[in-house]
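A.B. asks: Predicted structure and sequence below. I'll ask about it afterward.
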Amino acid sequence: MQSIQDNTSVIDVGYWHQLQDGRLQCDLCPRYCKLRDGQRGLCFVRGRRGETMVLTTYGRSSGFCIDPIEKKPLNHFYPGSKVFSFGTAGCNLACKYCQNWDISKSQEIDTLADSASPERIAQAALAHECQSVAFTYNDPVIFHEYAIDVAKACHELDIRTVAVTAGYVCPEPRAEFYRHIDAVNVDLKAFRERFYYKITGSHLKPVLETLEYIKHETNCWLEITTLIIPGENDSDEEIHELTEWVVNTLGPDVPIHFSAFHPDWKMLDINPTPPSSLIRARKIAINNGAYYAYTGNIHDHKGSSTYCHQCSNTLIGRDWYTLKEWDLTEKGKCRQCGTICAGYFNDQPGNWGNRTQVVRMSHQGSF
């Protein structure tokens, strides 16, 4: 456990209770950290101060960027649009391969070099003509209160909100959080409890429960990403079981993204994922009845494009994050056969493409 130092970004939070031995248990996520005064949980940003729990990073960010929405990845949520993206520090998982470890595992407050109120974030997104704001780079579960306040401010300006998350959260805060979210990409890291416990320090069951809750109890648009790691979660059997569960439990219209692993943090001894593994995973998903399955992190026009599940017409052709083809009507239907493509679409596709633009919120007049 880490000790808490004074800083100006600390707010009192909910979702905790006191144990008989005097410790406070955090009830935000299934890790259930049990803390004495001055200790932080594994996430680093939530901890105990006196007789209450606090969030130490409210209003602080590791940076703000304008990204293509496809980078989240979301392929069926206003394709081609730009999204105002930010994260904080810390994470409630301990993935050994974390590709944002410098942010998610940071224990230095200097990581949070930029700051902004919820209202300022919403205003910046509006000024930059972003259709949505994304909580990303690290998991918004741990900055629950800040994310919700940003979402409220965004909705006041008719800006949508996007969460990129591992879905590791308890039922009560989960319900509160997703009342304010318009679209989400959940990282379904594997389909084996062994993987979750050994590689991420967490458990599979709460993630599956989150996926079911989002799909069946909310109006939030849902897409799923699985990072394929050689020798860990890339067997035909596991990919078959994972995609079969998604199709049968969540529905065939939930897009599934398969992305490529590259060696990072504590897993430097495993080779990068070969493109053939992603292509194979996509084929298994389609054979199991998935309408929309994608390859990511590789240059694969076929695997990154969207097809009509009825007539196989190319609805959205993609070159990385750039849209090259568009054959949807203004109502999101296949122009060839009239079948509805699941998702949310503007009458015309966006044209933000592959660009990323850094925004410094702490600089007066930055937007």
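C.D. replies: Arrived safely. Residues are numbered from 1 along each chain as shown.
A.B. asks: any idea whether Leu93 is helix, strand or coil?
C.D. replies: Local secondary structure at Leu93 is given as coil here, using DSSP: H, G, I helix; E, B strand; the rest coil.
A.B. asks: Would you mind measuring from it to Thr200?
C.D. replies: In this structure, Leu93 and Thr200 are 5 Å apart, going by Cβ to Cβ, to the nearest Å. To be clear about C-beta, it is placed using only N, CA and C from the backbone, and glycine gets the same treatment.
A.B. asks: Now the terminal residues of stretch 134-152, how far apart.
C.D. replies: With Cα to Cα, to the nearest Å as the measure, the first residue of stretch 134-152 is 13 Å from its last.
A.B. asks: How far does that stretch sit from its chain's centre?
C.D. replies: In terms of Cα atoms, centre = their mean, to the nearest Å, the centre of stretch 134-152 is set 10 Å apart from its chain centre.
A.B. asks: For that stretch, give the mean pLDDT please.
C.D. replies: Stretch 134-152 carries an average pLDDT of 97.
A.B. asks: Next: stretch 86-103.
C.D. replies: With pLDDT averaged residue by residue, stretch 86-103 scores 82.
A.B. asks: Can I get it in CSV, CA atoms only?
C.D. replies: Presented in CSV, the C-alpha positions along stretch 86-103 are these (Å, rounded to 0.1, in the frame of the first residue of the first chain):
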residue,chain,number,x,y,z
PHE,A,86,-7.8,11.9,-21.7
GLY,A,87,-6.8,9.7,-18.8
THR,A,88,-5.3,10.1,-15.3
ALA,A,89,-2.8,7.8,-13.5
GLY,A,90,-3.1,4.4,-11.9
CYS,A,91,-5.1,1.2,-12.6
ASN,A,92,-7.0,-1.4,-10.6
LEU,A,93,-5.5,-4.2,-12.6
ALA,A,94,-1.9,-5.4,-12.7
CYS,A,95,-1.5,-6.6,-16.3
LYS,A,96,2.1,-7.8,-16.8
TYR,A,97,2.0,-6.7,-20.5
CYS,A,98,0.5,-3.2,-19.9
GLN,A,99,1.3,-1.0,-22.9
ASN,A,100,0.5,2.2,-21.0
TRP,A,101,2.4,1.1,-17.9
ASP,A,102,4.1,4.5,-17.6
ILE,A,103,0.7,6.0,-16.9
